[in-house]
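Peer 1: predicted model, plus sequence, below.
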Amino acid sequence: MGLDVLLKLAILVLSCTIFFCLYRAILGPTTADRIIGINVVGTKAVVAFVFLAAIFQKSSYLDIAMLYAMLIYVTTIAFIKYLEHRQLGE
């Protein structure tokens, strides 16, 4: 089994687990569950981009993965701060 096949299988498994995280993000009983679900989906997408970079030997996919990871981090922090202020009644 070659590395390409193994990475493609890993992307397939990641894609399947993304659906479980989307389920939690959409139907999560609390806001924290939804935030965590969306954050995990983004993290899994970053890992998939890294695997794609290894399969296709394209370093530009790693740049996309880094930018997307930074975007996920900033939006998660911003959303948590927004919810924090909303709960305080400000």
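Peer 2: Thanks, I have it.
Peer 1: what are the ranges of the helices in the chain?
Peer 2: 3-27, 31-56, 59-88 (DSSP state H).
Peer 1: what mean pLDDT does the second one get?
Peer 2: What helix 31-56 shows for mean pLDDT is 92.
Peer 1: for it, buried residues please.
Peer 2: Across helix 31-56, burial judged by 16 or more other Cβ atoms under 10 Å covers 34-46, 48-55. Bear in mind the C-beta positions are built from the backbone N, C-alpha and C, glycine included.
Peer 1: and stretch 72-89, how far out from the chain's middle?
Peer 2: 18 Å (Cα atoms, centre = their mean, to the nearest Å).
Peer 1: buried residues in that stretch?
Peer 2: So, applying 16+ other Cβ under 10 Å, buried residues of stretch 72-89: I72.
Peer 1: run through who's touching it.
Peer 2: Outside stretch 72-89, the residues within contact range by Cβ atoms under 8 Å, 6 or more residues apart in numbering are 31, 35, 38-39, 42-43, 46.
Peer 1: send me that stretch as PDB with only the CA atoms.
Peer 2: The C-alpha trace of stretch 72-89 is given here as PDB (Å, rounded to 0.1, in the frame of the first residue of the first chain):
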ATOM      1  CA  ILE A  72     -10.400  29.600  11.900                       C
ATOM      2  CA  TYR A  73      -8.400  30.700  15.000                       C
ATOM      3  CA  VAL A  74      -9.300  34.400  14.600                       C
ATOM      4  CA  THR A  75     -13.000  33.700  13.900                       C
ATOM      5  CA  THR A  76     -13.300  31.300  16.800                       C
ATOM      6  CA  ILE A  77     -11.800  33.900  19.200                       C
ATOM      7  CA  ALA A  78     -14.000  36.700  17.800                       C
ATOM      8  CA  PHE A  79     -17.200  34.600  18.100                       C
ATOM      9  CA  ILE A  80     -16.400  33.600  21.700                       C
ATOM     10  CA  LYS A  81     -15.800  37.300  22.600                       C
ATOM     11  CA  TYR A  82     -19.100  38.200  20.900                       C
ATOM     12  CA  LEU A  83     -21.000  35.600  22.900                       C
ATOM     13  CA  GLU A  84     -19.200  36.600  26.100                       C
ATOM     14  CA  HIS A  85     -20.400  40.300  25.700                       C
ATOM     15  CA  ARG A  86     -23.900  39.200  24.600                       C
ATOM     16  CA  GLN A  87     -24.300  37.100  27.800                       C
ATOM     17  CA  LEU A  88     -23.100  39.900  30.000                       C
ATOM     18  CA  GLY A  89     -25.800  42.100  28.500                       C
END
